[in-house]
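**Student:** Any chance you could fold what I've pasted below:
(4 chains)
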There are 4 protein chains.
Amino acid sequence: MVIVIQCKDQVGLVAGITTVLKDKGINIISMREFVNTEDKRFFVRIETTESYAADMIEEELKAVLPGDAAIKVNPLPDKKIAVLVTKEYHCLSDMLIRNYFGTLGAKVQCVIGNHTILQELCNKFNVPFHYVSHEGISKELFEEKLISTIQQYPCDYVVLAKFMRILSPQFVELFAGRIINIHHSFLPAFIGASPYRQAYERGVKMIGATAHFVTNDLDEGPIIVQQIIPVNHAFTVADMVRAGKEIETAVLAKALQLVLDDRVFVYKNKTVVFE
Amino acid sequence: MVIVIQCKDQVGLVAGITTVLKDKGINIISMREFVNTEDKRFFVRIETTESYAADMIEEELKAVLPGDAAIKVNPLPDKKIAVLVTKEYHCLSDMLIRNYFGTLGAKVQCVIGNHTILQELCNKFNVPFHYVSHEGISKELFEEKLISTIQQYPCDYVVLAKFMRILSPQFVELFAGRIINIHHSFLPAFIGASPYRQAYERGVKMIGATAHFVTNDLDEGPIIVQQIIPVNHAFTVADMVRAGKEIETAVLAKALQLVLDDRVFVYKNKTVVFE
Amino acid sequence: MVIVIQCKDQVGLVAGITTVLKDKGINIISMREFVNTEDKRFFVRIETTESYAADMIEEELKAVLPGDAAIKVNPLPDKKIAVLVTKEYHCLSDMLIRNYFGTLGAKVQCVIGNHTILQELCNKFNVPFHYVSHEGISKELFEEKLISTIQQYPCDYVVLAKFMRILSPQFVELFAGRIINIHHSFLPAFIGASPYRQAYERGVKMIGATAHFVTNDLDEGPIIVQQIIPVNHAFTVADMVRAGKEIETAVLAKALQLVLDDRVFVYKNKTVVFE
Amino acid sequence: MVIVIQCKDQVGLVAGITTVLKDKGINIISMREFVNTEDKRFFVRIETTESYAADMIEEELKAVLPGDAAIKVNPLPDKKIAVLVTKEYHCLSDMLIRNYFGTLGAKVQCVIGNHTILQELCNKFNVPFHYVSHEGISKELFEEKLISTIQQYPCDYVVLAKFMRILSPQFVELFAGRIINIHHSFLPAFIGASPYRQAYERGVKMIGATAHFVTNDLDEGPIIVQQIIPVNHAFTVADMVRAGKEIETAVLAKALQLVLDDRVFVYKNKTVVFE
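**Tutor:** Okay, the predicted model is just below:
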């Protein structure tokens, strides 16, 4: 059984929570607790050997926690996700393969592309592909179409797997805290367009990728995972793009694994990640 | 306040421990708990904002824990260590610098060398250096001299900072669980002598270092930290030795930081490290 | 144009080679040369802006090089490979995806499995899958069937993408220097079976993967790429296996990229890799 | 013998250079060549077994190279450096230790501090320490004093080992291409003051350090080495500063090793590094 809780901090939270478990004879095998002392915010993730009726545990936990507590007991192992793409295949392919072999930790409900390039790949894996073009229509209308397509499916998260359009505050608001993006640089370096071109011009010795939740501020959302790989003077922009695809794929995969495994908490503009 | 506990596992340990703290109004700001389910072994590390009389807390914790519990409340921030060296300066230098600037997390009580090469360095930092040669005497007598020198000082840990002699079971027994070694390979690869020569012959693409507690089985003790750095075909054995010094220094420094910060537990032939 | 040469070393090789190019007005934009001084062995890789008739260049290079020189001018960009698998999908999937999108640097001619689990995946990508079972027949006959299947296709390399059978010296001999394997440990640690179980028992703090050419000595062939990822006390064997798949996939992909890009030379039991 | 050359590119440079060597019976054991095709700029580094009179080789090389060629034959193995510091000890200590044991690849001529904190450390190693305060005087006068102190010694490079003052264009101009700085972030992220505070606020999952040549544009000079280490939500600003010292020390050490080993070329705002 997995229990994750976020609430404001106060003395005795762990004692209260764990006494509830002890009284039911439940043994904790792994526990991570963290308090953000600046914000007086409490985060905990508990793994137990025994399972128990989730709603009963949740009820009893509520009684020992502050009123604002967000509690998840035995969160669903298979979340449902929609994927937005443009033309690049690497992140989507990785997700489709894991989805097909049952190791993604989620079910890919649909893929929505503003180009048709990746349609055939989705067909191979019998994952619905929806073509929603942004051309010749307003951003507002484009997003309306995206939203109505996504909403055809139950959906826990929206993953931007190299979706190259900036989403409006309205869109972001609708899926607040549930949109995950992969950005092709080690943020906050190289915010915005053409990060590899920027990296090349600057002559950096490493390039990276950042998976983050999307907020209204472009490339400013809570960071989940960041990694880098070394580059050198011999890398052209094209070489960097190519090498970058590898790290982008790895970083998004890692971030999804952590989020889908309920190891990531968001508070204000940061994450707490119990790896 | 920091509390670290190791004992056999049973239901309700965390509840028992944290209720003791809660009843004193003590707030937990960071907590790591882990149960080795194979061995039914419980490990926890707790950081709190408030402090409290250590002996009183310890007394009350004993009452809620199994009889075999090893409890440390507010472990001394400045442990005392003896360092054994042969000829290489890199690990010792790093320790002496941190010791001098008060960031080692320990006090270097003395350095014992079976060569005199590093004596002058110790003198610079006013750290007692003892020359104990292994030449012309039995291993038994050599170790007797080491032991009597170490025992001139109160001493929590013995650090082998590139000490190139194998210690007898008797020596190891005397300081059981308190001897830390830096081995110049990513164990268990290249056990024994000349690991860089072995690495060169094998044509590996990375070299590494391993910090571990010393047991009677050579290079087989519980591993604390391991790291690697890439090498390539152009590295000679000498190049590997040179590059290896950097990673050896970094790995030993990291291991000491973790151990001295009471983040490392040993059970059987493994460690639990709450980084 | 790319030129790669391996031969015994002597004074004046670079001058000889580059004078041939200069006399044709060919500009070198990147050059890596290395001499193994122990073995007096010369390796060079040259990239030029201009192209030129490969056979003419090769003829002229022969005239300035020792008789044993292995010269490749403009090696074919798309090599042909056969892939051998058992049950695990991760390495094969990665290769099939790159193959499908034309970024593997090779054409996957066929996949041969001693189980049928991965057949459906190959079908999706229209890559011929051949089921060759090892059960109920001698190793000799099993390998005969493998060989006759492989030989239905032109084939530059045989990639063992988690093929869990040990190949005989006869098989290895037939494809000498052309078989690439991914081993699930940082060799030479954990040679042989169940490396993750071994790693778990030893309590290592990192696991790794090694891509190497296959020779008659199990897990002893020339290493192409090695990488590691950190693990900790909380990893079960199953967790290590899962994490290991990520690094195995990455390491094999990197090794294939280097080999297929003609950046890897083999001499005796080592590689020279001009990354 | 080591030969390094930078000049504008043209066809036949390598042939010209290596023919000079061949005619003297000199064997090349390692060679790295790179052409920046955008800028038509040629860079080469050659290692040979045999040595030869440097001035004669240089003379002959000039005859086959463009007029703008910068040629170094057998560059002095022990460069001379001045070190500027403020209060932090970690980078300076590392340099002083290597200097003392003869493995820095340079001689530390003097240390200049705008605080006296590090004076005693320098005294231990008999390295002249000069206290030049910036307080109560103009920046102009402060720099005049720095310059006149540095110029008391022959000096190839000025290393800013956590020197926390910004230097004027006049100062930079005087030591153009010879000032090396260690910046406490993975540039171009967190330019300017308090990068760790910025990193903390942004919630990044890694921190880094960048060694670069200093130009007039703050934190914009040619990058030599960059590395990162992972951090997480539990890191306070102070924790990041502490962890950052480790990576700062490692990155500066690596950069100095590369520069002092004549493996780094600067052209415009980038470096070519033949590692």
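
**Student:** Can you tell me the SS state at residue A:42?
**Tutor:** Following DSSP: H, G, I helix; E, B strand; the rest coil, the label given to residue A:42 is strand.

**Student:** now the nearest residue to it once chain neighbours are set aside: how far from chain D?
**Tutor:** Distances taken as CB to CB, 6 or more residues apart in numbering or on different chains place residue A:9 nearest to residue A:42, at 4.1 Å, with adjacent residues excluded. (C-beta placed from N, C-alpha, C; glycine too.) According to CB to the nearest CB, to the nearest Å, residue A:9 and chain D sit 14 Å apart.

**Student:** With residue A:70 instead?
**Tutor:** From residue A:70 to chain D the distance is 17 Å (CB to the nearest CB).

**Student:** what about that residue, neighbour count?
**Tutor:** 11 (other CB atoms under 10 Å in any protein chain shown).

**Student:** Residues in a beta bridge with it, which ones?
**Tutor:** residue A:6 (DSSP bridges).

**Student:** Hmm, residue A:3 and it touching each other?
**Tutor:** No - assessed by CB atoms under 8 Å, residue A:70 is found out of contact with residue A:3, at 11.5 Å.

**Student:** what residues go with each domain of chain A?
**Tutor:** With domains defined by automatic domain parsing, chain A comprises A:2-74, A:79-273.

**Student:** touching chain B at all, the last one?
**Tutor:** No - using CB under 8 Å from any CB of the partner chain, domain A:79-273 stays clear of chain B, coming no nearer than 9.1 Å.

**Student:** near chain C, anything from that domain?
**Tutor:** Yes - for domain A:79-273, a contact with chain C is found by CB under 8 Å from any CB, at A:89-90, A:93-94, A:97, A:100-101, A:103, A:121, A:124-125, A:234, A:242, A:246, A:250, A:253.

**Student:** tell me, which of those residues make contact with chain D?
**Tutor:** Okay, of the residues of domain A:79-273 next to chain C touching chain D (CB under 8 Å from any CB), that's residue A:234.

**Student:** Which of the residues of domain A:79-273 next to chain C fall in helices?
**Tutor:** A:90, A:93-94, A:97, A:100, A:121, A:124, A:242, A:246, A:250, A:253 (DSSP state H).

**Student:** got those residues as a markdown table, with pLDDT columns?
**Tutor:** Shown next, in a markdown table, are those (pLDDT from 0 to 100):
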| residue | pLDDT |
| --- | --- |
| A:90 | 98 |
| A:93 | 98 |
| A:94 | 98 |
| A:97 | 98 |
| A:100 | 98 |
| A:121 | 98 |
| A:124 | 98 |
| A:242 | 96 |
| A:246 | 97 |
| A:250 | 97 |
| A:253 | 98 |
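
**Student:** Can you give me the pLDDT of residue A:216?
**Tutor:** Per-residue pLDDT puts residue A:216 at 85.

**Student:** Skip the chain neighbours and tell me the closest residue to it.
**Tutor:** residue A:169 (4.6 Å).

**Student:** And for residue A:19?
**Tutor:** According to CB to CB, 6+ apart, the nearest residue to residue A:19 is residue B:15 (4.4 Å).

**Student:** Hmm, residue A:15 and that neighbour touching each other?
**Tutor:** Yes - the pair residue B:15 and residue A:15 qualifies as a contact (CB under 8 Å) at a distance of 6.5 Å.

**Student:** From residue C:124, how far out is the residue in the stretch 101-250 of chain A that chain D sits nearest to?
**Tutor:** Closest approach between the stretch 101-250 of chain A and chain D, counting by CB to the nearest CB: residue A:203, at 3.4 Å. Taking CB to CB, to the nearest Å as the measure, residue A:203 falls 42 Å from residue C:124.

**Student:** Please apply the same query to residue A:130.
**Tutor:** Taking CB to CB, one finds residue A:130 at 20 Å from residue C:124.

**Student:** ok, now residue A:44?
**Tutor:** 43 Å.

**Student:** So which bits of chain A are right by chain D?
**Tutor:** Close to chain D, as judged by CB under 8 Å from any CB, chain A has residues A:34, A:36, A:186-190, A:202-206, A:222-228, A:232-234, A:269-273, A:275.

**Student:** what sits against the residue of the stretch 151-275 of chain A found nearest chain C?
**Tutor:** Chain C sits closest to residue A:234 of the stretch 151-275 of chain A, with a gap of 6.4 Å, by CB to the nearest CB. Counting by CB atoms under 8 Å, 6 or more residues apart in numbering or on different chains, residue A:234 touches C:30, D:34.

**Student:** okay, now residue A:139: neighbour count?
**Tutor:** 14.

**Student:** Let me know the pLDDT of the nearest residue to it once chain neighbours are set aside.
**Tutor:** The spatially closest residue to residue A:139, leaving aside those adjacent along the chain, is residue A:168, at 6.4 Å (CB to CB, 6+ apart). On the pLDDT scale, residue A:168 is placed at 95.

**Student:** Next, the contact list for residue A:168, please.
**Tutor:** A:139-140, A:143.

**Student:** Using the three-state scheme, assign residue A:19.
**Tutor:** Strictly by three-state DSSP, residue A:19 counts as helix.

**Student:** close enough to count as contact, it and residue B:17?
**Tutor:** No - using CB under 8 Å, residue A:19 makes no contact with residue B:17, being 11.0 Å away.

**Student:** and the residue nearest the centre of chain A, what helix or strand is that in?
**Tutor:** Centrality entry for chain A: nearest residue to the mean C-alpha point is residue A:180, 4.1 Å, by CA atoms, centre = their mean. If you go by DSSP states H and E, residue A:180 is part of strand A:179-183.

**Student:** Please name the strands paired to that strand in the sheet, noting orientation.
**Tutor:** Strand A:179-183 has these strand partners (DSSP bridges): strand A:157-160 (parallel), strand A:206-213 (antiparallel).

**Student:** tell me which residues in the shortest one are buried?
**Tutor:** Residues of strand A:157-160 classed as buried by neighbour count (16 or more other CB atoms under 10 Å in any protein chain shown): A:157-160.

**Student:** Could you export those residues as a markdown table, including distance to residue C:49 and pLDDT?
**Tutor:** Shown next, in a markdown table, are these (distance: CB to CB, whole Å; pLDDT from 0 to 100):
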| residue | distance to residue C:49 | pLDDT |
| --- | --- | --- |
| A:157 | 47 | 98 |
| A:158 | 45 | 98 |
| A:159 | 41 | 98 |
| A:160 | 39 | 98 |
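
**Student:** Among those, which pair sits farthest apart?
**Tutor:** Using CB to CB, the two most remote members of those are A:157 and A:160, lying 10.2 Å apart.

**Student:** Name the residues contacting each of these two.
**Tutor:** Common neighbours of residue A:157 and residue A:160 (CB under 8 Å, 6+ apart) are A:179-180.

**Student:** any chance you could map the strands in the stretch 151-275 of chain A?
**Tutor:** Assigned strands in the stretch 151-275 of chain A, in chain order: A:157-160, A:179-183, A:206-213, A:223-230, A:264-267, A:270-273 (criterion: DSSP state E, counting those that start in this stretch).

**Student:** Would you mind finding the most buried of those?
**Tutor:** Highest mean neighbour count among those (mean count of other CB atoms under 10 Å in any protein chain shown): strand A:206-213, with a mean of 26.

**Student:** Can you name the residue of the stretch 101-250 of chain A nearest to chain C?
**Tutor:** Closest point on the stretch 101-250 of chain A to chain C, by CB to the nearest CB, is residue A:124, at 4.4 Å.

**Student:** Could you report the neighbour count for that residue?
**Tutor:** 15.

**Student:** Tell me which helix or strand residue A:29 sits in.
**Tutor:** Per DSSP H and E: strand A:28-36 holds residue A:29.

**Student:** follow-up on the earlier one: quick one, phi psi at the residue nearest to residue A:19?
**Tutor:** phi -60, psi -40 (degrees, to the nearest 10).

**Student:** Let me have the strands paired with strand A:179-183 in JSON lines, extended by distance to residue B:176.
**Tutor:** Listed next are these as JSON lines, based on distance: least, CB to CB, whole Å:
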{"stretch": "strand A:157-160", "distance to residue B:176": "51"}
{"stretch": "strand A:206-213", "distance to residue B:176": "43"}
